[in-house]
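> kindly return the folded structure for what I paste below:
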Amino acid sequence: MNRPLTAAKVRDAAPLFAALGDPTRLGLVVRLSSSGPRSIARLSETAQVSRQAVTKHLQVLEDAGLVRGFRRGRQHIWEIEPGRLGVARDYLQRIDAQWDAALSRLKTIVE
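Residues are numbered from 1 along each chain as shown. You can find the predicted model right below:
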């Protein structure tokens, strides 16, 4: 956990965090995480953007591996891809550990 992230790992993480960096997309991830699978119609009900925009945001999230869509009858249902969220959590934990180590080294130098 204390090894620095390699350039290849950072390149892999960049699309993930770019997808989460948009407030609309982050809101969709939060809704899907807390409410479970939802149709585009249900996700669009409380969105501040059009249904077409919600669909485009879901595509970006799918391209980043954060959500997946499937058909249920005539509806397109979207759900969280939990493994990819775990990857995001792992990256953040590694970065947090690196900062803790750096702050510890700085404290040692200052004292």
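
> wait, what's in contact with the closest residue in space to residue 24 that isn't next to it in sequence?
Leaving out its chain neighbours, the residue that sits closest to residue 24 by C-beta to C-beta, 6 or more residues apart in numbering is residue 57, at 5.3 Å. C-betas here are computed from N, CA, C, even on glycine. Residues touching residue 57, when contacts are defined by C-beta atoms under 8 Å, 6 or more residues apart in numbering, comprise 22, 24-25, 28, 49.

> next up, phi/psi of the spatially closest residue to residue 68 that is not a sequence neighbour, please.
For residue 68, the nearest residue in space outside its immediate sequence neighbours is residue 81; the separation is 5.3 Å by C-beta to C-beta, 6+ apart. Recorded main-chain torsions at residue 81 are phi -100, psi 90, according to degrees, to the nearest 10.

> which parts of the protein are strands?
38-39, 67-72, 75-80 (DSSP state E).

> any chance of JSON lines for these, columns mean neighbour count, distance to residue 101 and mean pLDDT?
Conversion of the strands of the chain to JSON lines gives the following (neighbours: other C-beta atoms under 10 Å; distance: least, C-beta to C-beta, whole Å; pLDDT from 0 to 100):
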{"stretch": "strand 38-39", "mean neighbour count": "16", "distance to residue 101": "40", "mean pLDDT": "94"}
{"stretch": "strand 67-72", "mean neighbour count": "14", "distance to residue 101": "33", "mean pLDDT": "94"}
{"stretch": "strand 75-80", "mean neighbour count": "17", "distance to residue 101": "31", "mean pLDDT": "95"}
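
> return the member of the contacts of residue 57 nearest to residue 63.
The shortest gap between residue 63 and any of those belongs to residue 25, at 11.0 Å (C-beta to C-beta).

> what packs against the longest helix along the chain?
Looking across the chain with DSSP state H, the single longest helix is helix 82-110. For helix 82-110, the contact count by 3 or more C-beta pairs under 8 Å, 6 or more residues apart in numbering; DSSP states H and E identifies helix 7-20 as packing neighbours.

> swap the cut-off to 10 Å and go again
Contact analysis of helix 82-110 by 3 or more C-beta pairs under 10 Å, 6 or more residues apart in numbering; DSSP states H and E lists helix 7-20, helix 23-35, strand 67-72 as its packing neighbours.
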